[in-house]
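Trainee: Predicted model and sequence follow; I will ask about them next.
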Amino acid sequence: MSAAPPRTALVTGGTRGIGFGIARALAAEGWQLVVSGIRPAADVTAALEELAALGAAIHYCASDIAVAADRARLVAESVNRFGGIDALVNNAGRAPAVRADILDAGEEGFETLIRTNLQGPYFLTQQVARHMLERGRGAGIVFVTSVSAEMVSPERADYCVSKAALSMWAKALAVRLAPEAIAVFEVRPGVIRTDMTAAVAERYERRIADGLVPAGRWGEAEDVGRVVAGLAGGAFGFATGSVVACDGGLSITRL
């Protein structure tokens, strides 16, 4: 009996932070990987070498998911390099440029954030889903959103809005693709130790010490990676549309 062909996952924002944790988890499970990011290839050599050392075949595509032409190129390069895309992990995103009172926040920053956090993954997923249907093969699609899809941070409401909207897109897509046996999931990280949270690390250290996170610690990129890797392969297909919190209990309602 011949071995099953290797599976290919496309991970946006896959060279640092949560995305790199996800890429590492998938590489360890034998996936071929296409990882994207906005940095030039020369700046992500160490990350790519680390993934390759785990035994994964790697292709890096420098691209900005906020740009339509870059999204099309990302899909084309994925298909040309590995023959198709079996799983898509929508991880790339940006934090607000400025944390501000919601009554003072401006439109320019809002538009930039929405193009990356919502419009980009919305239309990238549309392209990948069409590819999966045309190919007749697709394991799963995972959206990495945030507890901010439900929990409010008034000083960064634009970020919360982008994640809440992406959450609804994940649900709509799950309904659309369920008859095609392509599962769609949403993973909501909580307080994760990354470049994005570095600027407010001291604040979160205090809040975690005061009981903000029942698990009593920061989340790590590897925590999210293990969850995403478990969902991406299609083993939990009948649970499509599920939202999985990866937050150490942060979002559990407590008295």
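Mentor: All right, it came through fine.
Trainee: quick one: contacts for Ile252?
Mentor: Shown in contact with Ile252 (C-beta atoms under 8 Å, 6 or more residues apart in numbering): Pro214. All C-beta spots, glycine's among them, are computed from the backbone N, C-alpha and C.
Trainee: where's it, which helix or strand?
Mentor: Assigned by DSSP states H and E, Ile252 falls within no helix or strand.
Trainee: how near is Arg144 to Thr15?
Mentor: One thing to correct before we go on: residue 144 is Val, not Arg. Between Val144 and Thr15 the computed distance is 14 Å (C-beta to C-beta, to the nearest Å).
Trainee: ugh, typo on my part, it should be Ala25
Mentor: 14 Å.
Trainee: Same check on His131?
Mentor: Distance of His131 to Thr15, given as C-beta to C-beta: 23 Å.
Trainee: Between those two, which is the more surrounded one?
Mentor: Shown here are His131 and Thr15; by other C-beta atoms under 10 Å, Thr15 has more neighbours (24 against 18).
Trainee: Let me know the pLDDT of the nearest residue to Ala68 once chain neighbours are set aside.
Mentor: Excluding its sequence neighbours, the residue lying closest to Ala68 (C-beta to C-beta, 6 or more residues apart in numbering) is Phe123, at 7.0 Å. At Phe123, the model reports a pLDDT of 98.
Trainee: how far does whichever strand or helix holds Phe123 sit from the chain's center?
Mentor: Using DSSP H and E, the element containing Phe123 is helix 120-135. Helix 120-135 sits 15 Å away from the centroid of its parent chain (C-alpha atoms, centre = their mean, to the nearest Å).
Trainee: list the buried ones in that helix?
Mentor: Counting neighbours by 16 or more other C-beta atoms under 10 Å, one finds that the buried residues in helix 120-135 are Gly120, Pro121, Tyr122, Leu124, Thr125, Gln127, Val128, Ala129, His131, Met132.
Trainee: Stretch 182-196 now?
Mentor: Under the neighbour-count criterion of 16+ other C-beta under 10 Å, stretch 182-196 has 182-194 buried.
Trainee: same question, stretch 20-34
Mentor: Neighbour-count burial for stretch 20-34 flags 20-27, 29, 31-34 (criterion: 16+ other C-beta under 10 Å).
Trainee: Alright, calling it a day.
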